[in-house]
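> I need the structure of the sequence given here:
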Amino acid sequence: MAECKEIEVYMPPDLNKRLEEEQDTLERYFNRPGQYPILNKNNEPCFEHEVRLNGDRIYKLRVYVNSQYPHCLPDLVVCESPEPMPNWGVNHDTHTWPPKYGFLHICHWHLVAWTRENMIYQVFNKGEEWLEAYEKYLVTKELSLDLKPMKLTEEEQVIAQRLDQQQQFVQLQKCAAFAMSQLDPNFLMMLHRWLMSEITGDNLQIFPISSPITDERIRNTHRRLLRAESATQRVNEDEIMLAEWSKLRCAIVEY
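Numbers count the residues shown, from 1 in each chain. Next up is the predicted model:
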């Protein structure tokens with residue numbers, strides 16, 4: 001695993017205070033005084049929590065805390081296990097994200113349900129639930145993992161739906177930008193360095209499409225992109241892609 005030696009990492013005063021509160025809460029909640037030092041691994045502050053299952057099977061969970069914590073989700077990984085963990089990436093059935101520093105990365109909380117009032121001991125509780133489900137999987141080899149889905153409020157459900165739609169549109173924008181680069185060899189050269197980075201990265205700015213888009217239209221577009229069609233066909237014969245192409249061209253000219 002990609003492990004760095006423990007070094008001193010700068011933490012903003014407010015984060016440092018919060019981590020001290022988290023440390024105190026962890027020791028009291030799990031009744032393990034002195035067992036939750038604030039560590040620094042891979043240049044990130046973190047806490048570790050040992051979990052013993054089925055008598056002698058010992059796992060270690062680690063929560064990485066980024067500089068935006070507690071406003072943003074912390075990362076939960078399995079950093080030690082009786083046997084090597086599977087190389088699972090983004091998968092709803094396994095409740096995992098892409099590996100972090102080579103460790104299995106657990107999806108422990110719905111993004112829209114996280115608040116700054118949540119604490120790391122709750123994250124470790126989610127990790128224990130995940131490990132218990134994983135132990136069952138080792139016996140049955142059946143997916144998905146036996147985990148109860150997190151219930152969202154009506155407001156959170158609306159936000160989650162918007163985020164899903166945004167991700168779909170971002171993916172379409174990226175596909176449109178790729179097609180444009182195939183059609184026009186000078187396309188990328190026309191862009192400022194940061195704009196080029198946005199188009200080839202995961203944070204492409206969303207330009208609105210005037211015509212309504214249904215789920216079926218989005219699925220049709222994805223199917224077209226997966227077929228062995230030329231870039232010209234992909235763009236010119238698909239309303240969504242053509243609209244996206246036009247919007248991107250307008251944005252470039254305006255920029």
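
> so for the helix or strand where R28 lies, what's the average pLDDT?
Under the criterion of DSSP states H and E, R28 resides in helix 13-29. The average pLDDT within helix 13-29 is 91.

> Point out the other elements, helices or strands, that it touches.
Helices and strands touching helix 13-29, as assessed by 3 or more Cβ pairs under 8 Å, 6 or more residues apart in numbering; DSSP states H and E, comprise strand 44-53, helix 120-140. In this view, the C-beta of every residue, glycine as well, is placed from N, C-alpha and C.

> and of those, who's closest to S81?
Within the helices and strands packed on helix 13-29, the stretch nearest S81 is helix 120-140; the backing value is 8.8 Å (Cβ to Cβ).

> still on that earlier bit, can I get the helices and strands packed on helix 13-29 in TSV including distance to K17, mean pLDDT and mean neighbour count?
Listed next are these as TSV, based on distance: least, Cβ to Cβ, whole Å; pLDDT from 0 to 100; neighbours: other Cβ atoms under 10 Å:
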stretch	distance to K17	mean pLDDT	mean neighbour count
strand 44-53	12	95	18
helix 120-140	14	93	17
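
> Flag the shaky bits of this structure, pLDDT-wise.
For the chain, the stretches with pLDDT under 70 are 1-13, 112-113, 147-255.

> repeat that with 90
Low-confidence segments of the chain (pLDDT under 90): 1-16, 42-43, 54-56, 66-73, 89-95, 97, 107-118, 141-255.

> what about the helices and strands packed on helix 13-29, which gets the closest to P74?
helix 120-140 (6.1 Å).

> I'd guessed E128 sits against V51; true?
Yes: if you go by Cβ atoms under 8 Å, E128 and V51 touch, sitting 5.4 Å apart.

> Mind listing the shared neighbours of these two?
L61 (Cβ atoms under 8 Å, 6 or more residues apart in numbering).

> Distance check, W109 against P33.
27 Å (Cβ to Cβ, to the nearest Å).

> So those two - more neighbours on which side?
Between W109 and P33, counting by other Cβ atoms under 10 Å, W109 is the more crowded of the two (17 against 8).

> and that one, helix, strand or coil?
Applying DSSP: H, G, I helix; E, B strand; the rest coil to W109 yields a three-state assignment of coil.

> Which of the helices and strands packed on helix 13-29 sits closest to G102?
strand 44-53 (14.0 Å).

> Need the contact partners of the closest one.
Residues outside strand 44-53 that contact it (Cβ under 8 Å, 6+ apart): 9, 11, 15, 19, 22-23, 26, 30, 36, 38-40, 58-66, 79, 120, 124, 127-128, 131-132, 135.

> filter the residues you listed to the buried ones?
Buried subset of the contacts of strand 44-53 (neighbour count, 16 or more other Cβ atoms under 10 Å): 11, 15, 19, 22-23, 26, 36, 40, 59, 61-65, 79, 120, 124, 127, 131-132.
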